[in-house]
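1. Build me a structure from this.
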Amino acid sequence: MAKIRHKIIADFLLLLHILWIVLLVGGTVFTIYNRWYVTYHLIIVSGTLLFNLFLGGCPLTWWEEKYRRKWDPNTDYHENSFAATYARKIFRVNVTPRQATWILILIKITSYYISVLILTKLI
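-> The predicted structure follows:
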């Protein structure tokens, strides 16, 4: 019974992580057409960047991996990288954790930059 609870928690954390990514990436596009959302989006992007900068990664990744391993000790979580793990599982693309990190940093900084440009009315 405890193992099933760990799987449910891990799946919930995965869903929460995916929703956060959609909010982060989709929010960038949303801000272009809905200027009122820019401040909220900057808070989301800033929080994400600060987590990465000061914690070295995303707590959702760590928590999901922890519960996945409790459910199945043989879980193959690619070097503690959410992006590398799911790029391989879903898209069958082998991305190293380092490559995934740099791609995500580029996406987050671009998102932040676009939001700042919109906020300062340069776009």
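
2. And the contacts of stretch 33-47?
-> Stretch 33-47 is contacted from outside by 23-24, 27-28, 30-31, 108, 111-112, 115-116, 118-119, using CB atoms under 8 Å, 6 or more residues apart in numbering. C-beta here means a position set from N, CA and C on the backbone, and glycine is covered the same way.

3. repeat that with 7 Å
-> With CB atoms under 7 Å, 6 or more residues apart in numbering as the contact definition, stretch 33-47 has outside contacts at 23, 24, 27, 28, 30, 31, 108, 111, 112, 115, 118, 119.

4. Which helix or which strand is home to the fifth one?
-> Looking back up the chat, that one is residue 30. helix 2-33 (DSSP states H and E).

5. still on that earlier bit, what subset of the contacts of stretch 33-47 is buried?
-> Buried members of the contacts of stretch 33-47, scored by 16 or more other CB atoms under 10 Å, are 23, 24, 27, 28, 31, 108, 111, 112, 115, 118.

6. Dump those to a markdown table, plus distance to residue 9.
-> A markdown table is the format used below for these (distance: CB to CB, whole Å):
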| residue | distance to residue 9 |
| --- | --- |
| 23 | 21 |
| 24 | 22 |
| 27 | 26 |
| 28 | 29 |
| 31 | 32 |
| 108 | 26 |
| 111 | 28 |
| 112 | 31 |
| 115 | 32 |
| 118 | 37 |
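
7. burial count for the residue nearest to residue 13 when sequence neighbours are not counted?
-> Leaving aside its chain neighbours, residue 13 sits nearest to residue 64 (4.0 Å; criterion: CB to CB, 6 or more residues apart in numbering). When neighbours are defined as other CB atoms under 10 Å, residue 64 has 24 of them.

8. Adjust the sequence numbering to begin at 36 for everything that follows.
-> Happy to do that; since the first residue is 36 now, the last one works out to residue 99.

9. Residue 99 in helix, strand or coil?
-> Following DSSP: H, G, I helix; E, B strand; the rest coil, we place residue 99 in the helix state.
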